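*Asks:* Provided below for reference: sequence and predicted model.
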Amino acid sequence: MRLSKSWVIAAKDFKTFSKKKNIIYSIAAVPFIVAVLIPLVIDFAGQRNGAAGIPEARLVVLLPSFLFFYLILAAYLPTPIASYTIVGEKVEKSLEPLLATPTTDSEILLGKGISAFLPPLGGVFGGAVVFMILMDLVSHGTLGYYYFPNWNTGIVLLLMVPLAVAMSVGANVIISSRVTDVRTGQQLGAFMVAPFAGIYVGGELNIVSLGDTSNLLIISGILLLADLLLLYVARATFRREEILTKWK
Amino acid sequence: MIETENLTRKFGDLTAVDGVTLRIEEGEVFGFLGPNGAGKTTTVRMLCCLISKTSGTASIGGYEVGNGPDSLKIRKLIGFVPDSVGLYDELSAYDNLDFYGKLYDCTEAQRKENIERFLKLLGLWEKKDVAAGTFSKGMKQKLAVARSLIHDPKVLFMDEPTANLDPESAKTVRDFILDLKKEKRTIFLNTHNLDEAQRICDRIGILNTKLMAIGTPAELEGSTRGRKTVVQLEQVNDAILAALKKLPLGNMTVDGNKLTIDVTNPEKENATIVDAITRAGGRIQSVTVVGSSLEDAYLKLVREEK
Ligand SMILES: Nc1ncnc2c1ncn2[C@@H]1O[C@H](COP(=O)(O)OP(=O)(O)OP(=O)(O)O)[C@@H](O)[C@H]1O
Ligand SMILES: [Mg+2]
């Protein structure tokens, strides 16, 4: 496996994205909107509560759970890209000449994986940083300290987010092999947010405590297993022969 | 350069390619003719190591098709023009080629040189920075041809490269193939176009799941009878008919002032016919040979199977 080949493929995809503005917007806009909107709402709600603002006890529960929006985004963002780079290539029939080059299936898959992995990761990280800064500014008055960053944030952003992106990439590769148009790919891929939305809702309903470090690590472990499984299946799906004879 | 022995591919119960055995020499332009669904694309895909074969053997440049490590070497050796161009519409013509050059491990200098050379040869150099998606069908097809050559392959597989092209673009591509032949490249050309095959191929194979015939265009023509020479005269008379009857010719029918004569070798026989008519005092308006003989051979072989 030669990483340089995968990188050539990913770099080609990045170049394509730079010409397809709507892909850039869909990756960058949502994380940024969330980053600005939530602090604004919190600030607004605080002001309506009068001088006391949102009580400290409430705030320390709210803040970590907001971070899970970014986990949901991490699971969603690879979908528009993967359906574009994989289903799109399939529809345009550009996979066949690509497969005729001296590149292995794994190298192509990894290239496609990188191009669906890095932009969402960048989008989520960028948005999360803006979010944390704004949130700190808004909450400092009540808390008296800067809430972000902290250890749990580190686990969510640096461990769970990449795992969620990878999981979504794997699922999208599998979905791509079964669908024949970009839109269906996107719709199916959007289901990837369900488990993460589930975690978020579970947190809100106090079924799992998302402020608890060991819980986060357990969820990360489960994500890792799911990743390995999905990537294994994705690899099995992404075989030259299958792509050309069975992918419809 | 390309050798196959009993090459076979099945899709479930359907046999798409059945026991094809052929040998193509270096520098040869080989035309693969056959009706829709004959298995041309399937054969080429097997040879390019894109799909597996069910049985039989094949090798390209000494490397074995279907042997894992050899597959990469074969793909390095060959260029491939698929039946649908599969370009990246958002990327410029130049970037499309550059991307492929990188995948073939060409150095930057090689890429630059080859991209310029082939885009110029195919008349696309002025459009090198234009997104491929805005190209016409013909330009896209030419770009796909250029793409297949970016690494200077010794063997080139082309799946119907002139289908959907207007006559002029088709001619550019055809002439280009002849140029490539001069560079000693081996070319495997799938086509429906008999005329094209006859004009540019050294040898032709006729496929209809099985390989029905293989040979030079002349050999394949020779394998069928039934060509006809049509002579349009100013005035048919008995003297002319009598003179023609004396010649060792095939069946002749008279329709007004038009004579239709079965011939086997029109290149020779037409001269004799014209000669005899003129000497008998006839005045000829036109002489035509009906039907491409390769077409006859082709239709006969393809129908035999049914
Ligand atoms: N992936 C596949 N699954 C099942 N059958 C297939 C598959 N690919 C090709 N076939 C069948 O194999 C046969 C040969 O197809 P192929 O595409 O090789 O023909 P072809 O000579 O290239 O035809 P055309 O001139 O239309 O391009 C056809 O009957 C086709 O239906
Ligand atoms: Mg075909």
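*Replies:* Okay, I see it. Residues are numbered from 1 along each chain as shown, chains lettered A, B, ... in the order given. Ligands and ions are numbered 1, 2, ... in the order given.

*Asks:* can you point out the buried residues in the helix or strand bottoming out on mean pLDDT in chain B?
*Replies:* Lowest mean confidence among the helices and strands of chain B (mean pLDDT, DSSP states H and E): helix B:293-305, at a mean of 73. Residues of helix B:293-305 classed as buried by neighbour count (16 or more other Cβ atoms under 10 Å in any protein chain shown): B:S293, B:L294, B:D296, B:A297, B:Y298, B:K300, B:L301, B:V302. Every C-beta, even on glycine, is put in place using the N, C-alpha and C of the backbone.

*Asks:* where does pLDDT dip in the chain?
*Replies:* Because you didn't say which chain, this covers chain A. Residues of chain A meeting the criterion pLDDT under 70: A:51-52, A:248.

*Asks:* wrong one, I was asking about chain B
*Replies:* In chain B (pLDDT under 70), the answer is B:222-226, B:291-293, B:304-306.

*Asks:* pull the number of nearby residues for residue 57.
*Replies:* Just going to use chain A. 8 (other Cβ atoms under 10 Å in any protein chain shown).

*Asks:* I was after chain B.
*Replies:* For B:T57, the neighbour count with other Cβ under 10 Å is 15.

*Asks:* mind listing what the residue of chain A found nearest ligand 1 touches?
*Replies:* Ranked by Cβ to the nearest ligand atom, the top residue of chain A for proximity to ligand 1 is A:T245, at 3.6 Å. Going by Cβ atoms under 8 Å, 6 or more residues apart in numbering or on different chains, A:T245 touches B:F11, B:I51.

*Asks:* 10 Å instead?
*Replies:* Going by Cβ atoms under 10 Å, 6 or more residues apart in numbering or on different chains, A:T245 touches A:R239, B:R9, B:F11, B:T42, B:R45, B:L50, B:I51, B:S52.

*Asks:* out of those residues, name the ones that lie in helices.
*Replies:* The helices, defined by DSSP state H, take in B:T42, B:R45 from these.

*Asks:* B:A109 sits in which helix or strand?
*Replies:* Using DSSP states H and E, B:A109 maps to helix B:108-121.

*Asks:* just the CA atoms of the helix or strand just after that helix, as PDB, please.
*Replies:* Following helix B:108-121 in sequence order, the next helix or strand is helix B:137-149 (DSSP H and E). C-alpha atoms of helix B:137-149 as PDB (Å, rounded to 0.1, in the frame of the first residue of the first chain):
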ATOM      1  CA  LYS B 137     -18.500  14.800 -26.900                       C
ATOM      2  CA  GLY B 138     -15.800  14.600 -29.500                       C
ATOM      3  CA  MET B 139     -13.400  16.700 -27.400                       C
ATOM      4  CA  LYS B 140     -14.100  14.600 -24.400                       C
ATOM      5  CA  GLN B 141     -13.400  11.500 -26.300                       C
ATOM      6  CA  LYS B 142     -10.100  12.900 -27.500                       C
ATOM      7  CA  LEU B 143      -9.200  13.900 -24.000                       C
ATOM      8  CA  ALA B 144      -9.900  10.400 -22.900                       C
ATOM      9  CA  VAL B 145      -7.500   9.100 -25.600                       C
ATOM     10  CA  ALA B 146      -4.900  11.600 -24.500                       C
ATOM     11  CA  ARG B 147      -5.400  10.400 -20.900                       C
ATOM     12  CA  SER B 148      -4.700   6.800 -21.800                       C
ATOM     13  CA  LEU B 149      -1.400   7.800 -23.400                       C
END
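
*Asks:* just confirm yes or no for the next helix or strand after helix B:137-149 near chain A.
*Replies:* Once the chain leaves helix B:137-149, the next helix or strand it forms, by DSSP H and E, is strand B:155-159. Yes - using Cβ under 10 Å from any Cβ of the partner chain, strand B:155-159 reaches chain A at B:F157, B:D159.

*Asks:* partners of strand B:155-159, with directions?
*Replies:* Sheet pairing of strand B:155-159 (DSSP bridges) gives strand B:78-81 (parallel), strand B:186-191 (parallel).

*Asks:* what comes into contact with the next helix or strand after the last one?
*Replies:* Using DSSP H and E, the helix or strand that follows strand B:186-191 towards the C-terminus is helix B:194-200. The contact list for helix B:194-200, computed with Cβ under 10 Å, 6+ apart, reads B:29-33, B:160-163, B:170-171, B:173-175, B:177-178, B:181, B:187, B:189-191, B:193, B:203-206, B:216-218, B:220-221, B:292-299.

*Asks:* A:K12 and A:L134, how far apart?
*Replies:* Going from A:K12 to A:L134 by Cβ to Cβ, to the nearest Å gives 36 Å.

*Asks:* looking at these two, which is more packed in?
*Replies:* A:K12 (22 against 19).

*Asks:* for the spatially closest residue to that one that is not a sequence neighbour, pull up the helix or strand it's in.
*Replies:* Excluding the flanking residues, the one nearest A:K12 by Cβ to Cβ, 6 or more residues apart in numbering or on different chains is B:F99, at 4.8 Å. Using DSSP H and E, B:F99 falls within helix B:93-103.

*Asks:* buried stuff in that helix?
*Replies:* B:A93, B:Y94, B:D95, B:N96, B:L97, B:D98, B:F99, B:Y100, B:G101, B:K102, B:L103.

*Asks:* quick check, nearest of the residues you listed to B:A280?
*Replies:* B:A93 (62.5 Å; Cβ to Cβ).

*Asks:* pretty sure the closest one contacts B:K140?
*Replies:* Yes - the criterion here is Cβ atoms under 10 Å, and B:A93 meets it with B:K140 at 9.4 Å.

*Asks:* now the common contact residues for these two.
*Replies:* With Cβ under 10 Å, 6+ apart as the test, B:A93 and B:K140 both reach B:L87, B:L124, B:A132, B:T134.

*Asks:* possible to save those as JSON lines with distance to ligand 1 and neighbour count?
*Replies:* JSON lines is the format used below for those (distance: Cβ to the nearest ligand atom, whole Å; neighbours: other Cβ atoms under 10 Å in any protein chain shown):
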{"residue": "B:L87", "distance to ligand 1": "19", "neighbour count": "24"}
{"residue": "B:L124", "distance to ligand 1": "26", "neighbour count": "23"}
{"residue": "B:A132", "distance to ligand 1": "23", "neighbour count": "24"}
{"residue": "B:T134", "distance to ligand 1": "27", "neighbour count": "12"}
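
*Asks:* can I assume B:T260 sits in a helix?
*Replies:* No - the assignment for B:T260 by DSSP: H, G, I helix; E, B strand; the rest coil gives strand, which leaves it out of any helix.

*Asks:* separation between it and B:N36?
*Replies:* Between B:T260 and B:N36 the distance is 32 Å, computed by Cβ to Cβ.

*Asks:* higher neighbour count, the two?
*Replies:* More crowded of B:T260 and B:N36, by other Cβ under 10 Å: B:T260, with 14 against 6.

*Asks:* you'd agree the more buried one is up against B:V236?
*Replies:* No - proximity of B:T260 to B:V236 does not meet the contact threshold set by Cβ under 10 Å, at 11.9 Å.

*Asks:* shared neighbours of those two, which are they?
*Replies:* Counting by Cβ under 10 Å, 6+ apart, the residues touching both B:T260 and B:V236 are B:V254.

*Asks:* picking that back up, and the least confident helix or strand of chain B, what does it pack against?
*Replies:* strand B:29-33, helix B:194-200, strand B:203-208, strand B:210-215, helix B:217-222, strand B:227-233 (3 or more Cβ pairs under 10 Å, 6 or more residues apart in numbering or on different chains; DSSP states H and E).
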